[in-house]
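> Sequence unavailable; structure follows:
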């Protein structure tokens, strides 16, 4: 398990990327969402693995990218925050195709025991060129992840609907309290 790899997951458009930028500005290591990077590459290329063109191909690319991200992040020290990751991609592929990679991949490549989930937040949700699905689709994804992540043995911590600065404080305090608890045990 990579105990310093912290996963930010949850509802699409729930503020994960904004939180990631804040954590980066505070000096923490961050890994941007595979999905947005893939969409950007595909829009500039052959467009075969776009999520709205071939969702299964998109999920497979996201799995490959998440695994490569984890490999690259091994060289980093301190907290490494991932905007989505392997769990998101593997659970999407499983939901789309019934492919059973989820448990095997996620057992071999663990994140910190606490996963931070961005709840549905329709007031800040925005579609854009890389996020073309609607809020309902994001909500369905959130519900799937809210079931999958604890089933994989993670403690789900819901991010508060507050300012990005307060969210970053919340995440860092939650991780610090977890470390102190583990040391006292």
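Great, that's in hand. This structure is a prediction, so every number in the text was calculated from the model and none was measured. Numbering: from 1, shown residues only.
> show me where the chain has helices.
Along the chain, the stretches classed as helices by DSSP state H are 16-25, 34-44, 55-73, 86-97, 101-108, 135-151, 164-184.
> Now do the third one against helix 34-44: the angle between them, please.
When axes from the mean of the first three to the mean of the last three C-alpha atoms, to 10 degrees is applied, the directions of helix 55-73 and helix 34-44 differ by 120 degrees.
> Could you shift the numbering so residue one becomes 872, and keep it that way?
Let's use 872 as the start, then, which means that last one is helix 926-944.
> per-residue confidence averaged over helix 926-944?
Helix 926-944 carries an average pLDDT of 91.
> Tell me which of the helices of the chain lies nearest to residue 876.
For the helices of the chain, the distance to residue 876 is smallest for helix 926-944, at 6.5 Å, taking C-beta to C-beta. Glycine gets a C-beta too; all of them are placed from N, C-alpha and C.
> contacting residues around stretch 971-979?
Stretch 971-979 is touched from outside by 934, 938, 957-958, 961-962, 964-965, 1019, 1023, with contacts defined as C-beta atoms under 8 Å, 6 or more residues apart in numbering.
> if we can go back for a sec, output the helices of the chain in JSON lines, with distance to residue 989 and mean neighbour count appended to each entry.
Below are those laid out as JSON lines (distance: least, C-beta to C-beta, whole Å; neighbours: other C-beta atoms under 10 Å):
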{"stretch": "helix 887-896", "distance to residue 989": "5", "mean neighbour count": "19"}
{"stretch": "helix 905-915", "distance to residue 989": "14", "mean neighbour count": "17"}
{"stretch": "helix 926-944", "distance to residue 989": "17", "mean neighbour count": "18"}
{"stretch": "helix 957-968", "distance to residue 989": "12", "mean neighbour count": "22"}
{"stretch": "helix 972-979", "distance to residue 989": "19", "mean neighbour count": "15"}
{"stretch": "helix 1006-1022", "distance to residue 989": "8", "mean neighbour count": "16"}
{"stretch": "helix 1035-1055", "distance to residue 989": "9", "mean neighbour count": "14"}
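> Between these, which one is closest to residue 878.
Here helix 957-968 is closest among these (C-beta to C-beta), at 6.6 Å.
> Just list what that closest one packs against, helices and strands only.
strand 876-881, helix 905-915, helix 926-944, helix 972-979, helix 1006-1022 (3 or more C-beta pairs under 8 Å, 6 or more residues apart in numbering; DSSP states H and E).
> Nice, that's everything, thank you.
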